[in-house]
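In: sequence and computational prediction follow.
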Amino acid sequence: MFTKQEDIAGLEEKLGKPVVVDWHYEIHPWEYDVVDGSMCDGRAHDVTMFIHRKDDPREIAVISKSFFPPGAFRAPSGAAHPGEGLEKGAIREAYEETGLDIELTRYVARINACFTCDGKTIGWTTHIFEALQTDGVLDPKDTGEISEARWATIDELKGEIRQVLLDANWDLFRYRVALTDLTVKAMEDGA
């Protein structure tokens, strides 16, 4: 992974130490191919942003992709480019996927994931941040990848959105549900 340890340490100093957990997920062969295909330039990570709406921080920006089942939404995410750093990558990805300018406010969690399929293994790290919309309106810029962005309540993340993702029976959606559950609990606990 091309994320530098000093970048992570700087974010921890600025935004707080995240919860660090190790998770293992057995995934479908087609999902393994999706993750493996995203690993260009040594990428083995994503930055996931839970972006609070500036005029109603109880609402969180969520995105959908064209291949998602109807009603499937999740927090925006993407990769920092080599040499870009996690913070700049998160800010750029948030803009591309939502049209929003953001400020990272908290480093919530670092998930060290192990995805396995048919005896093959991929190590992956998800860096989860809370952020605040500083400007812009929901209007995805990367329309080749993002089909829709909208605001969702915490109750939706815990309820109908969560259920749609679980009902899809995709292992990577189960992963996204688990990291959303962890983040929502942290937001509710204020920890």
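Out: Looks like it arrived, so ask away.
In: list the buried residues of the one helix or strand residue 172 maps to.
Out: If you go by DSSP states H and E, residue 172 is part of helix 171-189. For helix 171-189, burial by neighbour count (16 or more other CB atoms under 10 Å) applies to 171-173, 175-177, 179-180, 182-184, 186-187. Backbone N, C-alpha and C define where each C-beta goes, glycine included.
In: which helices and strands does that helix pack with?
Out: Helix 171-189 is packed against strand 19-26, helix 29-37, strand 45-53, strand 101-117, strand 120-135, helix 154-158, helix 160-167, with contacts defined by 3 or more CB pairs under 8 Å, 6 or more residues apart in numbering; DSSP states H and E.
In: do that again at 10 Å, thanks
Out: Packing partners of helix 171-189 (3 or more CB pairs under 10 Å, 6 or more residues apart in numbering; DSSP states H and E): strand 19-26, helix 29-37, strand 45-53, strand 56-65, strand 101-117, strand 120-135, helix 154-158, helix 160-167.
In: average pLDDT across that helix?
Out: Mean pLDDT, helix 171-189: 96.
In: so for this structure, the centremost residue is which one?
Out: residue 48 (2.4 Å; CA atoms, centre = their mean).
In: got the contact list for the nearest residue to it once chain neighbours are set aside?
Out: Using CB to CB, 6 or more residues apart in numbering and skipping the chain neighbours, the partner closest in space to residue 48 is residue 77 (4.0 Å). Residues in contact with residue 77 (CB atoms under 10 Å, 6 or more residues apart in numbering) are 45-49, 63, 90, 93-94, 97, 126-128, 176, 179.
In: hmm, 7 Å instead?
Out: 46, 47, 48, 93 (CB atoms under 7 Å, 6 or more residues apart in numbering).
In: for stretch 135-145, how far is the first residue from the last?
Out: 22 Å (CA to CA, to the nearest Å).
In: TSV please, covering the contacts of residue 77 and showing pLDDT.
Out: Compiled in TSV, those are given as follows (pLDDT from 0 to 100):
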residue	pLDDT
46	95
47	96
48	98
93	97
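In: most neighbours among the residues you listed, which one is it?
Out: Counting neighbours by other CB atoms under 10 Å, residue 47 leads the contacts of residue 77 with 25 neighbours.
In: so what's it closest to, chain neighbours aside?
Out: Excluding the flanking residues, the one nearest residue 47 by CB to CB, 6+ apart is residue 90, at 4.2 Å.
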